[in-house]
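Visitor: how does the following fold in three dimensions:
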Amino acid sequence: MAAPRPSASARFRAAYPRVLAVGAGISVAAHAGLVIVASGVGVRLPEPSGALAAPRVVMLAPAPLDAPPAVQIAPPATPVVRPPAPEAEPVPVREAPEPEAPEPMYIPHDVPPRLMNLDQVLSALRDGYPEDLPEEAGESVVILWLFVDGAGRITHVRLRQSSGYQPLDQLAQDVAPMMAYRPALHLDEPIGVWVQQQIRFEPPTSGAGQSEQPPRVTGAGSGV
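Guide: Numbers count the residues shown, from 1 in each chain. All right, here's what the predicted structure looks like:
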């Protein structure tokens, strides 16, 4: 009966010593040949031109924790002195001119204005009658143009006819603004209109057994 055939692993283990010996011999022979070749060829390594410089090492010393930070103080700047600016000349303020009073003119209306405080006006005229008025003044009449607005107030006064005596003219113009009118109506609505107001002065009279009487003042108004 034939013997059993060994496995591949057994055959490799049996041949491994021989393979290792052959490989070692080949390696030694190749190394020897390389040495022989290298000894016949001049190979020179260049010598260094000088000593290699040692690397520069910079040591930074840590600052202590309680050390104050470095502060750079700049030198004080030289102050620049400039001459004061010249004062600007004040601009003259021009006052707006007062609006001119309107010229008296006829304004259509259905109901004319009516003077409501005649007694008060006459009393003011008597109280203001000038004492030094010359006797030849006699009976004097002043006619004024008055603008009566929609509320019955006098807003403009114009002298239409002088009495010939400035004190009487001035007295009439001074008292005129206190006149209170019932305003004119146009289509049942109040409207401002111009009126002519006549003021008549009569000098005081005195007679036998009579005390001096105050001047008589009468008034009548009409539309322009």
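
Visitor: please count neighbours and contacts with C-alpha atoms only from this point.
Guide: Fine.

Visitor: in this protein, which spans are strands?
Guide: 114-115, 140-148, 154-161, 181-182, 184-186, 189-191, 193-202, 216-223 (DSSP state E).

Visitor: switch those over to TSV; also include mean pLDDT and distance to residue 87.
Guide: Formatted as TSV, the strands of the chain follow (pLDDT from 0 to 100; distance: least, CA to CA, whole Å):
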stretch	mean pLDDT	distance to residue 87
strand 114-115	93	59
strand 140-148	94	50
strand 154-161	95	45
strand 181-182	95	56
strand 184-186	96	58
strand 189-191	95	54
strand 193-202	91	53
strand 216-223	53	59
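
Visitor: most tightly packed of those strands?
Guide: strand 140-148 (a mean of 23; mean count of other CA atoms under 10 Å).

Visitor: which other helices and strands contact it?
Guide: strand 154-161, helix 166-175, strand 193-202 (3 or more CA pairs under 8 Å, 6 or more residues apart in numbering; DSSP states H and E).

Visitor: listing partners with orientation, what would you give for it?
Guide: strand 154-161 (antiparallel), strand 193-202 (antiparallel) (DSSP bridges).

Visitor: looking at those strands, which is nearest to residue 128?
Guide: strand 193-202 (11.5 Å; CA to CA).

Visitor: what angle do that closest one and helix 166-175 make?
Guide: In terms of direction (axes from the mean of the first three to the mean of the last three CA atoms, to 10 degrees), strand 193-202 departs from helix 166-175 by 140 degrees.

Visitor: hang on, the earlier thing: dump the strands paired with strand 140-148 to CSV, plus distance to residue 132.
Guide: Converted to CSV, these look like this (distance: least, CA to CA, whole Å):
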stretch, distance to residue 132
strand 154-161, 22
strand 193-202, 14
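
Visitor: these: which one's closest to residue 115?
Guide: For the strands paired with strand 140-148, proximity to residue 115 was assessed by CA to CA; strand 193-202 is nearest, at 9.6 Å.
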